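[1] missing the sequence, but the structure's below:
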């Protein structure tokens, strides 16, 4: 049995959610549609349009995306990262290269990304191969970050077991004293770029007859757009 909070007339009440209640949770998707005539021929342009619309609609963290990687034992894992750039070369984010996702990408460079803009009833899925961005790109972005974030990149041995939060606080203080106002980019921290070879755009529709458009690259590097059954 799980607990959740519901909003009733301006007050928040804690409720207990049974299995049957979970099974009965449903929503009818009726905000928009996605058809071949109105969609862009280039998936990057379609993505840019939807991302801009998510930003304009002020959905919470429109730049948040799920990153899925696969370890050498074929066990998948996911986590939320933030998109920091995109162009014809791919989708960019930054992280610790020694983290679990970094280690998995080192062993298997294929990954997938997913954006879920709940309020707009939209999902974008992106698949492809991942490579590190150039050191110059990583340096430029790192030095654009707030000071606390730059020190945090040094302080956190991401994905490693630590004794407690005090380890992070101690590390941050140590590196703050060492680097003062100008910490350099750690050698274990930088950007990744996913070079997309498959996109899917999902628009929720009534009666679960959702719109799904998939774009895949053909042998001549042209995008093929196809409709998938929901």
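    The structure has been received and is ready for your questions. What you are looking at is a predicted structure, and each value in this text was computed from that prediction instead of being measured. Numbers count the residues shown, from 1 in each chain.
[2] phi, psi for the spatially most central residue of the chain please.
    Centroid-nearest residue in the chain: residue 65, 1.6 Å away (criterion: Cα atoms, centre = their mean). Dihedral angles of residue 65 (phi, psi; degrees, to the nearest 10) stand at phi -140, psi 150.
[3] test my guess that it contacts residue 114.
    Yes: Residue 65 lies in contact with residue 114 (Cβ atoms under 8 Å); the separation is 6.2 Å. Every residue, glycine included, has its C-beta placed from N, CA and C.
[4] output the lowest mean pLDDT helix or strand found in this structure.
    strand 2-8 (a mean of 48; mean pLDDT, DSSP states H and E).
[5] longest strand in the chain, by residue count?
    Using DSSP state E, we find that the single longest strand of the chain is strand 189-203.
[6] what comes up buried for that strand?
    Neighbour-count burial for strand 189-203 flags 189-194, 196-197, 199-203 (criterion: 16 or more other Cβ atoms under 10 Å).
[7] same deal with stretch 108-115?
    109, 111-115.
[8] stretch 172-184 too?
    The neighbour-count check on stretch 172-184 (16+ other Cβ under 10 Å) flags 172, 175-176, 183 as buried.
[9] am I right that residue 118 is in contact with residue 61?
    No: in this structure, residue 118 is not within contact of residue 61 by Cβ under 8 Å, at 10.9 Å.
[10] helices of the chain, residue ranges please.
    Along the chain, counting by DSSP state H, helices occupy 19-24, 43-56, 100-107, 135-142, 147-155, 165-179.
[11] compare the ones you listed and give me the one nearest residue 91.
    Evaluated over the helices of the chain, closeness to residue 91 peaks at helix 43-56, with 8.6 Å, by Cβ to Cβ.
[12] which strands or helices does that closest one pack on?
    The helices and strands touching helix 43-56, judged by 3 or more Cβ pairs under 8 Å, 6 or more residues apart in numbering; DSSP states H and E, are strand 85-87, strand 110-117, strand 122-132, strand 189-203.
[13] so for that helix, mean pLDDT?
    If you average the pLDDT over helix 43-56, you get 98.
[14] quickly note the distance from residue 184 to residue 101.
    23 Å (Cβ to Cβ, to the nearest Å).
[15] tell me the contacts of residue 34?
    Applying Cβ atoms under 8 Å, 6 or more residues apart in numbering, we find residue 34 in contact with 201-203, 211, 213.
[16] how many neighbours does the residue lying closest to residue 185 once chain neighbours are set aside have?
    Residue nearest to residue 185 in three dimensions, not counting chain neighbours: residue 142, with 4.0 Å by Cβ to Cβ, 6 or more residues apart in numbering. Taking other Cβ atoms under 10 Å as the criterion, the count of residues near residue 142 is 19.
[17] isn't residue 142 right up against residue 189?
    Yes: in this structure, residue 142 is within contact of residue 189 by Cβ under 8 Å, at 7.0 Å.
[18] any shared contact partners between the two?
    Shared contacts of residue 142 and residue 189 (Cβ under 8 Å, 6+ apart): 94, 153.
[19] tally of neighbours for residue 139?
    14.
[20] ok, now how distant is the residue nearest to it when sequence neighbours are not counted from residue 151?
    The spatially closest residue to residue 139, leaving aside those adjacent along the chain, is residue 185, at 5.4 Å (Cβ to Cβ, 6+ apart). Between residue 185 and residue 151 the distance is 12 Å, computed by Cβ to Cβ.
[21] thank you kindly, that will do.
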